[in-house]
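Asker: Next comes the sequence, and after it the predicted model I'd like to discuss.
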Amino acid sequence: MTTRTLKTGAAAALLLSALVTPVSAAEAQTETERAELTNPLLYAIAWRQTAAEFRALYYQGFALAQLRVEQALAARKASAGNDTRALAVITDVDETVLLSGAYWGQLIAEGGDFFDDATWDAWVPNNEFVASPGAREFAAFCEANGVTLFFVTNRDQGEATFELALGNLRAAGFENVRAENLRVLRQTSNKEAVQAQIRSDYHVIASLGDNLNDFARRYYVTDVAEREALMHADAARFGADYIVFPNPTDGHWIRAIFGESEPAPTEANRQVLRAAAVGR
Ligand SMILES: [Mg+2]
């Protein structure tokens, strides 16, 4: 063997090693690591964690909400005292005024690819929610103008649910939220009774939420096309008295796909998700 062939052989070996190394590393990946990289939640979470557009939609929603409040205040002034009911806005809490991005990041880091109620319940008391962009400013605007902002949420972390929700809001910067303006539903996601009770005392200018169920229970259907049709039938209300915020990870749109709001992380459900994405 000549020196030249030796050198060529060594270079070839180096090249081969460089080519082979990543494959070997990939082969060394555990099943869990591979599953993490094909986690169906990755795109949705990456979007909510990094896209400026995600946060811009919150500014947009609260700007629209403030415009509606300003219009209601002007109309109230013009009506010369004919309508004496106090003004209010009803808002949902999770993914509307509070964002739980850290939970979803943690869920993925732990290998989860579907929402997990047990880890959620353990995460809620950590007070890692952050106020959505524009939410605190909107709350301050309402307060400064005598408009009551009601927080209506369905959550269930046991007996401590109400105090946890109040603590989450205060820790995220809604220091002035009053307990009497927070309504927590533990047994049902149907908010209509509470909404009706608020409406009996207040003129509700608008409702804010990331789930159509935050506006009306009629959307609580398990058929994707029916839910879509109900939304289109109410087209004129969106941006008027219904102000919607984005949520790519949870809500009743999930229920419409799977038939339940918190589907189990099974192969069958991964196939259902795939079919929903593919459109068949
Ligand atoms: Mg919500």
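Answerer: Perfect, I can see it now.
Asker: What is the burial count for the nearest residue to residue 125 once chain neighbours are set aside?
Answerer: Once flanking residues are discounted, residue 125 sits nearest to residue 164: 5.8 Å by CB to CB, 6 or more residues apart in numbering. In short, each C-beta sits where N, CA and C put it, glycine included. Neighbour count of residue 164, defined by other CB atoms under 10 Å: 18.
Asker: Over to residue 274?
Answerer: Neighbour tally, residue 274, other CB under 10 Å: 11.
Asker: any idea how far it lies from residue 262?
Answerer: From residue 274 across to residue 262, the span is 19 Å (CB to CB, to the nearest Å).
Asker: May I ask which helix or strand encompasses the residue nearest to residue 125?
Answerer: Assigned by DSSP states H and E, residue 164 belongs to helix 161-171.
Asker: what about this structure, any weak spots by pLDDT?
Answerer: 1-36, 81, 280 (pLDDT under 70).
Asker: Do a quick rundown of the strands in the protein.
Answerer: Applying DSSP state E to the chain gives strands spanning 86-91, 98-99, 130-131, 148-154, 182-185, 202-209, 242-244.
Asker: contact partners of the fifth one?
Answerer: This means strand 182-185. Here strand 182-185 makes contact (CB atoms under 8 Å, 6 or more residues apart in numbering) with 150-155, 161-162, 165-166, 169, 191, 194, 198.
Asker: Pick out the most distant pair among the residues you listed.
Answerer: Farthest-apart pair in the contacts of strand 182-185 is 161 and 198; separation 19.4 Å (CB to CB).
Asker: Which stretches in the stretch 151-280 of the chain count as helices?
Answerer: 161-171, 192-201, 224-233, 252-258, 267-278 (DSSP state H, counting those that start in this stretch).
Asker: Quick check: which of those helices is nearest to the ion?
Answerer: Nearest to the ion, of all the helices of the stretch 151-280 of the chain, is helix 252-258, at 9.9 Å by CB to the ion.
Asker: and the closest one, which residues are buried?
Answerer: Judged by neighbour count (16 or more other CB atoms under 10 Å), helix 252-258 contains these buried residues: 252, 253, 254, 255, 256, 257, 258.
Asker: Check which helices and strands that helix is in contact with.
Answerer: Here helix 252-258 touches helix 224-233, helix 267-278, going by 3 or more CB pairs under 8 Å, 6 or more residues apart in numbering; DSSP states H and E.
Asker: C-alpha coordinates for it, PDB please?
Answerer: Extracted C-alpha coordinates of helix 252-258, given in PDB (Å, rounded to 0.1, in the frame of the first residue of the first chain):
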ATOM      1  CA  HIS A 252     -63.900  22.400  23.200                       C
ATOM      2  CA  TRP A 253     -62.500  22.300  19.600                       C
ATOM      3  CA  ILE A 254     -60.600  19.400  21.100                       C
ATOM      4  CA  ARG A 255     -63.800  17.900  22.400                       C
ATOM      5  CA  ALA A 256     -65.400  18.300  18.900                       C
ATOM      6  CA  ILE A 257     -62.600  16.100  17.500                       C
ATOM      7  CA  PHE A 258     -62.300  13.500  20.100                       C
END
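Asker: That helix close to the ion?
Answerer: No - Helix 252-258 lies apart from the ion when judged by CB under 5 Å from the ion; the minimum separation is 9.9 Å.
Asker: what residues does that helix touch?
Answerer: Residues from elsewhere that reach helix 252-258 (CB under 8 Å, 6+ apart): 115, 189, 211-213, 219-224, 227, 261-263, 269, 272-273, 276.
Asker: need the contact list for residue 135.
Answerer: Residue 135 neighbours (CB under 8 Å, 6+ apart): 58, 62, 96, 97, 98, 174.
Asker: Would you check how far apart the fourth one and residue 75 are?
Answerer: Think residue 97. Distance from residue 97 to residue 75, by CB to CB: 25 Å.
Asker: more neighbours, those two?
Answerer: Shown here are residue 97 and residue 75; by other CB under 10 Å, residue 97 has more neighbours (31 against 13).
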